[in-house]
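Engineer: What would the 3D arrangement of this be:
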Amino acid sequence: MVLPKKLIAAMMFCFGLVVMGASPAAAYEVNITISGLEGLDLAGFEFVVNYDSSLTVTDYTPTEELGSFTGPDPDYPDAEDWSEWEDETGTAYHLSVLSYLSDFSTQADSFVLATISFSGDESALSGITLSSIILSDVDGNGIAFTVNGTHISAVPVPGAFCLMGSGMLALSFLRRKKN
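Structural biologist: Residues are numbered from 1 along each chain as shown. This next block holds a predicted model:
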């Protein structure tokens, strides 16, 4: 029995759909942002992105707000990205970027630290959390922060703490002088 060419072509097309799948897995981008940097210079960050095993990381793009990873001379970049998988189960990604720049006067008060692309079940995106967070300034000092989902907010030390500190210093000076 000889099959007509059109029937063979239609069968090949249907076979191709079955083998390749009707559509690829859905892809989602998650931006991890920081805000509240007014008067603060973020020079480095480190944290772990935890996610459900039904998701797969397909891409990761760190910010270049802390400097270029290639720089004018690839042997001496402005920043280094030390990000890597946190564990062998594939449910945690360790992000770590350190800048070698000393001038952050043009740094925005709010920007995306990293974008992570996932494929998998969209409902699992709500389970993404951040842990082991460390933010540092140019001198390596820690920056206080709060976290809301994948949004990190820097929390500058309020003036009240400075006022209280100077008051405590004055009291200790008066006590020492009295003794």
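Engineer: May I have the stretch of helix or strand His94 belongs to as CSV, with CA atoms only?
Structural biologist: Using DSSP states H and E, His94 falls within strand 92-99. Provided in CSV are the C-alpha atoms of strand 92-99 (Å, rounded to 0.1, in the frame of the first residue of the first chain):
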residue,chain,number,x,y,z
ALA,A,92,18.9,26.9,47.0
TYR,A,93,21.1,29.4,45.1
HIS,A,94,23.8,31.3,46.9
LEU,A,95,24.3,34.8,45.5
SER,A,96,27.4,36.8,46.4
VAL,A,97,28.8,39.9,44.7
LEU,A,98,31.6,42.1,45.9
SER,A,99,32.6,45.4,44.4
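Engineer: Figure out how far that strand is from the centre of its chain.
Structural biologist: Centroid separation for strand 92-99 versus its chain: 7 Å, with CA atoms, centre = their mean, to the nearest Å.
Engineer: relative to strand 92-99, how tilted is the following helix or strand past that strand?
Structural biologist: Sequence order places strand 111-120 as the next helix or strand after strand 92-99, per DSSP H and E. Angle, strand 111-120 to strand 92-99, by axes from the mean of the first three to the mean of the last three CA atoms, to 10 degrees: 160 degrees.
Engineer: what's in contact with strand 111-120?
Structural biologist: With CB atoms under 8 Å, 6 or more residues apart in numbering as the test, strand 111-120 has contacts from 24-34, 45, 49, 51-52, 54-63, 65, 83, 93, 95, 97, 125, 152. Using the backbone N, CA and C atoms, a C-beta is placed for each residue, glycine as well.
Engineer: Can I have the buried ones of those residues as a PyMOL selection?
Structural biologist: Restricted to buried positions by 16 or more other CB atoms under 10 Å, the PyMOL selection for these reads:
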select buried, resi 28+30+32+33+34+45+49+51+55+57+62+63+65+83+93+95+97+125+152
